[in-house]
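Student: Any chance you can model this:
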Amino acid sequence: MATYTRLRYDVTNIPIAELVREILAVDDLEGLAGSDRPATRESDQSTDHHKRFYASFDVIAPIYRKLAQEVLGSDAESHYVQRVPTFRVHLQGSLAVGEWHRDRDFGHDPAEVNYWVPLTRAYGNNTLWIDREPVHAEYGDVIVFDGANSWHGNVVNDTPTSRVSMDFRTIPRSEYRPNEKKSVSFGMPFLLGDYWDIL
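Tutor: Reported below is the predicted structural model:
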């Protein structure tokens with residue numbers, strides 16, 4: 001059985017989906033047009049939606065940091081946090097992540113913890129799967145899980161809605177070891193000031 005913790009935050013106080021909708025210039029994140037072919041590990045971060053999100057990260061950064069502070073609480077003082085969250089778009093007919101994986105297989109530290117933040121409804125085959133089980137979640141949920149060591153991924157989205165989410169990782173400062181390996185999504189070394197940041 002998949003193991004994770006579900007946290008909640010106030011979307012009226014931290015309206016991150018509304019900000020992302022403005023950046024993508026769309027009325028409805030769930031209504032993003034489908035894809036005619038599933039994404040691969042090489043292409044799952046290369047849509048126009050991803051380009052807009054990352055190009056506007058300076059606009060998103062303050063509310064992202066507020067969200068991370070909210071969900072980490074007092075742990076924020078003893079952890080490093082991913083500087084730029086990973087943006088995911090699970091279009092109809094496609095994948096949000098190109099292959100099933102454990103983050104440690106891509107250079108991540110086994111001590112990291114993942115925080116998955118859906119910005120739309122996540123259900124059926126448009127959602128994140130952890131240990132081969134779908135995680136149903138709503139906007140305002142944060143799913144905390146051991147992505148470094150647990151198998152996770154997704155399947156082709158055959159629902160009538162697209163799923164948009166972002167995720168970020170934390171690591172206890174006591175466990176941090178400088179790591180010159182580079183992340184798959186950003187090609188960024190796992191170093192403080194590059195991949196990692198202080199809240």
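
Student: Quick check: chain neighbours aside, which residue is closest to Val59?
Tutor: Ile23 (6.6 Å; C-beta to C-beta, 6 or more residues apart in numbering). Where C-beta positions appear, they are placed from N, C-alpha and C, glycine not excepted.

Student: so that neighbour sits right up against Tyr54, yeah?
Tutor: No: counting by C-beta atoms under 8 Å, Ile23 stays clear of Tyr54, with 9.9 Å between them.

Student: Who are the packing partners of the helix or strand hosting the residue nearest to Val59?
Tutor: Element membership for Ile23, per DSSP states H and E: helix 16-24. With contacts taken as 3 or more C-beta pairs under 8 Å, 6 or more residues apart in numbering; DSSP states H and E, helix 16-24 sits against helix 48-55, helix 57-72, strand 163-172.

Student: what angle sits between the second one and strand 163-172?
Tutor: Angle of helix 57-72 versus strand 163-172, following axes from the mean of the first three to the mean of the last three C-alpha atoms, to 10 degrees, is 60 degrees.

Student: Could you give the average pLDDT over helix 57-72?
Tutor: Average pLDDT, helix 57-72: 97.

Student: List of residues touching the helix or strand just after it?
Tutor: Following helix 57-72 in sequence order, the next helix or strand is strand 79-82 (DSSP H and E). Under the contact criterion C-beta atoms under 8 Å, 6 or more residues apart in numbering, strand 79-82 has outside partners 68, 72, 168-173, 176, 192, 195-199.
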